[in-house]
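Trainee: Any chance you can model this:
(2 chains)
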Amino acid sequence: MDPEKAPQTQLGDDVLPHTEVPHPDAAQSAGQGVVTEAHGSHDAGHGSVVLIDPGLSTHTHRRADTDPRLARRAERQVAGLFTLSALATVGFVVAFFAIRPDTITKVGYSTWALGGLLGLSLFCLGAGAVHWAKKLMPDEEQVQQRHALRSTDADRAAVVSSFQDGVEASGIGRRSIIRRSLLGAAGLLAVPPIVLLRDLGPLPGRKLYTTLWKKGSRIITDPGGNPVKPEDIPINGVVHVLPEGALGEETSIAERGKASVLLIRLRPEDIKVQQGEGWDYQGIVAYSKVCTHVGCPVGLYEQTTHHLLCPCHQSTFDVANAATVVFGPAARPLPQLAITVDSDGYLVARQGFTQPVGPSFWERG
Amino acid sequence: MSTDSATTPIAGPAGFVDERLTSSNFVKRSMNKIFPDHWSFMLGEIALYSFIILLLTGTFLSLWFKPAMSEVIYNGSYVPLKGLRMSEAYASTLDISFDIRGGLLMRQIHHWAALIFVASISVHLLRVFFTGAFRKPREINWLVGIGLLTLALLEGFAGYSLPDDLLSGTGLRIAAGIVQSIPVVGTYVSFFLFGGEFPGEIIISRLYMVHILLVPGLILGLITAHLMMVWYQKHTQYPGPGRTEDNVVGYPVLPVYAAKAGGFFALVFGLTAFLGAFFTINPIWAYGPYNPSEVTAGAQPDWYIGWLEGGLRMMPNLETRLWGITLSWNVLFPALILPGIMFTLMALYPFIEAWITGDKRPHNLLDRPRNQPVRTAIGAMSLSFYIILWANGGNDLLATTFHMSINAITWTMRFALFIVPPLVFVITKRICLGLQRKDRDLVLHGRETGRVVRLPQGEFVEVHAPLSPAEQWRIVQHETYLPLSLPAATDEHGIPNPIARKERLRARLSRFYFGDHIVTPREEALAEGENAKELSSGR
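Mentor: Next comes the predicted model:
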């Protein structure tokens, strides 16, 4: 720990891994107290460059180390912080019972009081400990030597020979029938865990290809569940809809999500293309609300441009143009639902979706 | 340390343990162990402490949280949602927030601590990278660290999904879409994960198991390994007077680090408690229960998922439809392939650099980032790549905040992702080399004093003061790698060198890394000394 000890040179790294590496360290052995005069004109002759490690700088004592009055003050500060911490902890317990969070406002007060006091308590405890360490505990740097991480050559050789001896003694190399049957048996044991996972879920089957929509499904509002008449929708009006029955208890949330559709009324002359001839009803078009990118609901409609925007990743679909993608990461148009009215004048599906709704998948085609 | 009073041998419980486990020697060595001191070594500590905070607050939350998706009618004290149908998970999260005293505080501390956990891991990783702490003998610990970062992201996402609110459900919807895009098995994996078609009725309880048992268990195990390796290999230290590759300079565990680290834990916990008390985070009551046909505009994941979200938003809409199959590059690439490449490169980096330098010696002294210009530039370049992805994850917020076109922002980010990182590389490398030149100048000519004197011939010059030996040593102590020379493709008989191709690649990479180098004055003097010796011995 002597700071004045002979400076260690770091240059004498003996083994270089690749001799073809031209390395500055090739110049080993040097560095013993080499001092060179600095170059340059304005250095006033005092710019000698030290090329050796000067060693640990001499320790300068803190004022609290030499002045007992300051040490006592630091002691009082630390104890004061610990006391403050204890008071805050008591305050925490008091606040817990004093504030009954029976209204939302009081939940806020309770959270502020409990969190503020807990924070204060912990903060003062931590600040006190750190202050103690910094002001009063020894601050003299100490040196410890590192140990080589590599085992000795003898140990490394011994490991290899022990292992080989063990393997040899077991006879696993010679007795091939044992070895093979063991490997086979152990390898086969990988199968049961995989088999056991089979019931994690059903196989996909045709689930992703179908929705609740079928020919004649009456269109109902979501939420509300009311049937929709064409005249209910003004120009540029948007209605979130589902097939009749989808809001019932027996319908799974998965089916409901997959069946959600947007009805949008355009001026018939604004419609440029649709996915099928005459799939609109007097300018009312119906498109799946499930984004073809990763399945977020496409919820934002811009009246002036007839664009539908997905708020998750900004895929933008042109409703006037068969919902083709005009911007963003989605690769396919939103599937269109062909609609018409039934004998009572309510909007109904003319048929189910003709393609899977939602994000792409491998076997989708 | 002071043994002025008569020392008594250990007795009581410590004696009991020692008689059974020979613990005294180990405990003695541990208490006297020296750790180097630097603020940047506290980054990993913050990660450790926020993990402990997560365990404590998470245990509290698990006492009331019900990880079930069965529907209930809410009848708690949050009036706006009274009478609504929602999952038990969401209802119990509302109960924790409004009907359990301290519940909201614990939820918010838990969430803040999770954000801090991933953030401190990330910054700790940057510190380790830029200072070269990943070099031999610490490559294994680097890999453990990458594993911890990956698990932390997974853990965060699983926890974020548990309350089953509209925002977290949307996150799961996106995850399901991503899983579905996996070639061949995507739909099967998705159906197995969700127990059927998204959202199914079981994902919350499965994620709960992942979040409170599986991943925390793995994280705990890896953290233990991480710390044991730091303990055994001893901590790296910054270069400076008296610091060598073979020693460690600092303060002992007892008393200094026990007090500092213990105190720092309390400080981190205290500050996280303040955040939880005064800064609302994830107000699930404002989002409402999950409904697959609803979504909010401006939906944002937690910060550490932002880069994946940004990639999804940025990717052009490429999809291949061929022979009855569909390959969704628009999802696959940003969500699975790119992160796979990024994490693989990150994990392999220590080995790549070691191969290029051919340096097989252990390194315990850290690099000053400027002294490794290309590594530092690669780090800065990668960071800028990440930041652009991340920023694009909030492109909608950028658009609404600054009243810009979202299309323009996305297009700018698409180009920026390819243009900015190379620029950052060049600029960072130049800055590093410039700083090295400045260092060299400081050593050779001293620092400017601001004192201008007039010489007899009338010339004005500024007096330079030399650096102290300690300052000089800090600057000149490192060694400069020189680029490898190209091996000949054939030997003198015209026989092709079988390893030439690999070695040529290595030489080219070495030139890329070390082609621009600035030799320190110390190395110059050593080389001169060596030449002089050769000359004299040759005579």
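Trainee: where do the strands sit along the stretch 351-500 of chain B?
Mentor: B:447-454, B:460-465 (DSSP state E, counting those that start in this stretch).
Trainee: Repeat that for the stretch 251-365 of chain A.
Mentor: Counting by DSSP E, counting those that start in this stretch, one finds strands in the stretch 251-365 of chain A at the ranges A:261-265, A:284-288, A:300-302, A:307-309, A:316-318, A:324-327, A:336-337, A:339-341, A:347-349.
Trainee: How about the stretch 201-350 of chain B?
Mentor: Taking DSSP E, counting those that start in this stretch as the criterion, the stretch 201-350 of chain B contains strands spanning B:247-252, B:320-322, B:325-327.
Trainee: closest one to chain B among the strands of the stretch 251-365 of chain A?
Mentor: Evaluated with CB to the nearest CB, the strands of the stretch 251-365 of chain A place strand A:324-327 nearest to chain B, the distance being 5.5 Å. Glycine gets a C-beta too; all of them are placed from N, C-alpha and C.
Trainee: if we can go back for a sec, can the strands of the stretch 351-500 of chain B go into JSON lines with extra columns for mean pLDDT, distance to chain A and mean neighbour count?
Mentor: Shown next, in JSON lines, are the strands of the stretch 351-500 of chain B (pLDDT from 0 to 100; distance: least, CB to the nearest CB, whole Å; neighbours: other CB atoms under 10 Å in any protein chain shown):
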{"stretch": "strand B:447-454", "mean pLDDT": "91", "distance to chain A": "9", "mean neighbour count": "11"}
{"stretch": "strand B:460-465", "mean pLDDT": "91", "distance to chain A": "5", "mean neighbour count": "14"}
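Trainee: Tell me the residues on the stretch 251-365 of chain A that lie near chain B, please.
Mentor: With CB under 8 Å from any CB of the partner chain as the criterion, the stretch 251-365 of chain A meets chain B at residues A:252-258, A:260, A:289, A:293-297, A:299-300, A:311-315, A:325, A:327-332, A:358-365.
Trainee: now do 6 Å
Mentor: On the criterion CB under 6 Å from any CB of the partner chain, chain B has as its neighbours in the stretch 251-365 of chain A the residues A:253-254, A:257, A:260, A:294-297, A:299, A:311, A:313-314, A:325, A:327, A:329-331, A:359-362, A:364-365.
Trainee: List buried residues within those residues.
Mentor: Buried positions within those, assessed by neighbour count (16 or more other CB atoms under 10 Å in any protein chain shown), are A:253-254, A:257, A:260, A:294-297, A:299, A:311, A:313-314, A:325, A:327, A:329-331, A:359-362, A:364.
Trainee: For the residue lying closest to residue A:335 once chain neighbours are set aside, list the residues it contacts.
Mentor: If the residues on either side of it in the chain are set aside, residue A:335 comes closest to residue A:288, at 4.6 Å by CB to CB, 6 or more residues apart in numbering or on different chains. With contacts defined as CB atoms under 6 Å, 6 or more residues apart in numbering or on different chains, the neighbours of residue A:288 are A:261, A:334, A:335, A:357.
Trainee: now, which of those sits nearest chain B?
Mentor: For the contacts of residue A:288, the minimum distance to chain B (CB to the nearest CB) is 9.2 Å, reached by residue A:261.
Trainee: Give me the number of neighbouring residues for the closest one.
Mentor: The number of residues packed around residue A:261, counting by other CB atoms under 10 Å in any protein chain shown, is 27.
Trainee: Roughly how far does it sit from residue B:297?
Mentor: If you measure residue A:261 against residue B:297 using CB to CB, to the nearest Å, the figure is 20 Å.
Trainee: The residue in chain A that chain B sits nearest to: which element?
Mentor: When CB to the nearest CB is the measure, chain A has its nearest residue to chain B at residue A:115, with 2.2 Å between them. In this structure, residue A:115 is located in helix A:104-135 according to DSSP states H and E.
Trainee: Same check on residue B:107?
Mentor: Element membership of residue B:107 [criterion: DSSP H and E] is helix B:103-130.
Trainee: what sits against residue A:289?
Mentor: By CB under 6 Å, 6+ apart, the residues touching residue A:289 are A:260, A:261, A:262, A:297, A:298.
Trainee: how about 10 Å then?
Mentor: Under the criterion of CB atoms under 10 Å, 6 or more residues apart in numbering or on different chains, the contact partners of residue A:289 comprise A:222, A:240-242, A:257-262, A:296-299, A:308, A:310, A:334, A:357-358, B:292-295.
Trainee: In helices only, show me these.
Mentor: Among these, DSSP state H puts A:257, A:258, A:259 in helices.
Trainee: nearest to residue B:260, of those residues?
Mentor: Within the set of the ones in helices among the contacts of residue A:289, residue A:257 lies nearest residue B:260; the separation is 52.8 Å, counting by CB to CB.
Trainee: how near is residue B:406 to chain A?
Mentor: 6 Å (CB to the nearest CB, to the nearest Å).
Trainee: Point out where the stretch 401-539 of chain B drops to low pLDDT.
Mentor: Low-confidence segments of the stretch 401-539 of chain B, defined by pLDDT under 70: B:533-539.
Trainee: Can you pull up the most central residue in the chain?
Mentor: Going with chain A. Closest residue to the average C-alpha location of chain A: residue A:312 at 16.4 Å, with CA atoms, centre = their mean.
Trainee: nope, chain B
Mentor: residue B:122 (2.3 Å).
Trainee: That one contacts residue B:346, doesn't it?
Mentor: No. Contact between residue B:122 and residue B:346 fails when scored by CB atoms under 10 Å: they sit 11.3 Å apart.
Trainee: that older thread, excluding its backbone neighbours, what's nearest the residue of chain A closest to chain B?
Mentor: Skipping the residues right next to it in sequence, residue A:115 comes nearest to residue B:277 by CB to CB, 6+ apart, at 2.2 Å.
Trainee: How about residue B:353?
Mentor: For residue B:353, the spatially nearest residue (CB to CB, 6+ apart) is residue B:375, at 6.7 Å.
Trainee: For burial, what's the neighbour tally of that neighbour?
Mentor: Summarising burial for residue B:375: neighbours were counted as other CB under 10 Å, giving 21.
Trainee: ditto for residue A:232
Mentor: By other CB under 10 Å, the residues close to residue A:232 number 16.
Trainee: Surely residue B:216 and residue B:210 touch.
Mentor: Yes. Here residue B:216 reaches residue B:210: they are 9.2 Å apart, a contact under CB under 10 Å.
Trainee: who touches both of these two?
Mentor: Between them, residue B:216 and residue B:210 have B:155, B:158, B:159 as joint contacts when contacts are counted by CB under 10 Å, 6+ apart.
Trainee: Weed out the non-buried ones from those residues.
Mentor: When the shared contacts of residue B:216 and residue B:210 are checked for burial by 16+ other CB under 10 Å, the buried set is B:155, B:158, B:159.
Trainee: any idea of the pLDDT on residue 350?
Mentor: Picked chain A for this. If you check residue A:350, the pLDDT there is 95.
Trainee: Actually, chain B is the one I wanted.
Mentor: Residue-level confidence at residue B:350 comes out at 97, pLDDT.
Trainee: give me every residue that touches it.
Mentor: Taking CB under 10 Å, 6+ apart as the contact definition, residue B:350 lies against B:128-129, B:132-136, B:138-143.
Trainee: residues contacting the residue in the stretch 301-450 of chain B that chain A sits nearest to?
Mentor: For the stretch 301-450 of chain B, the residue positioned closest to chain A under CB to the nearest CB is residue B:319, at a distance of 3.5 Å. Taking CB under 10 Å, 6+ apart as the definition of contact, the neighbours of residue B:319 are A:292-293, A:329-332, A:360, A:364, B:181, B:326-332.
Trainee: and residue A:338, backbone torsions?
Mentor: When read as degrees, to the nearest 10, the backbone of residue A:338 gives phi -80, psi 130.
Trainee: And the residue of the stretch 1-150 of chain B closest to chain A?
Mentor: Closest to chain A within the stretch 1-150 of chain B is residue B:34: 4.2 Å, counting by CB to the nearest CB.
Trainee: hmm, back to that, pretty sure the residue of chain A closest to chain B sits against residue B:102.
Mentor: Yes. Checked against CB under 10 Å, the pair residue A:115 and residue B:102 is within contact range at 8.5 Å.
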